[in-house]
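Trainee: below is the sequence, then the predicted model.
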Amino acid sequence: MDDAARVRLQIRAVITVYRAEMSRLKAWKPSGETSEKYAKSLRARCIDILDAARAELDGSAPWHPDVLTELANARAEISAGD
């Protein structure tokens with residue numbers, strides 16, 4: 001697997017897990033405080049993973065701009081929350 005495919009796969013995995021966990025949280029219906037605490041923790045961890053992937057890219061490879069756009073879109077979705 002090349003670097004571009006690895007980073008794209010990582011982005012997809014983070015988004016998939018985020019969406020699944022948020023759906024699970026909605027179905028679980030915990031108290032407001034517990035729900036917000038869990039969602040905040042999930043968002044923070046997902047953002048950390050995406051930021052670590054972003055830090056590895058220096059913009060020198062031809063595929064970096066496309067992946068940087070994907071990272072930005074994923075980060076925006078997670079930051080917005082539900």
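Mentor: Received it, and whenever you're ready, just let me know what you need.
Trainee: where in this protein is pLDDT low?
Mentor: 82 (pLDDT under 70).
Trainee: for V14, what are its contacts?
Mentor: Contact analysis of V14 by CB atoms under 8 Å, 6 or more residues apart in numbering lists 46, 49-50, 74, 78. The way it works is simple: take the backbone N, C-alpha and C, and place the C-beta from them, glycine included.
Trainee: now those residues in a markdown table, with distance to M22?
Mentor: Formatted as a markdown table, the contacts of V14 follow (distance: CB to CB, whole Å):
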| residue | distance to M22 |
| --- | --- |
| C46 | 10 |
| I49 | 15 |
| L50 | 16 |
| A74 | 14 |
| I78 | 9 |
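Trainee: show me those residues that map onto strands.
Mentor: Using DSSP state E, no member of the contacts of V14 falls within strands.
Trainee: are any of those residues buried, and which?
Mentor: 46, 49-50, 74, 78 (16 or more other CB atoms under 10 Å).
Trainee: circling back: which among the contacts of V14 gets closest to I11?
Mentor: Minimum distance to I11 across those is 5.1 Å, recorded for A74 (CB to CB).
Trainee: so who does the closest one touch?
Mentor: A74 is in contact with 11, 14-15, 50, counting by CB under 8 Å, 6+ apart.
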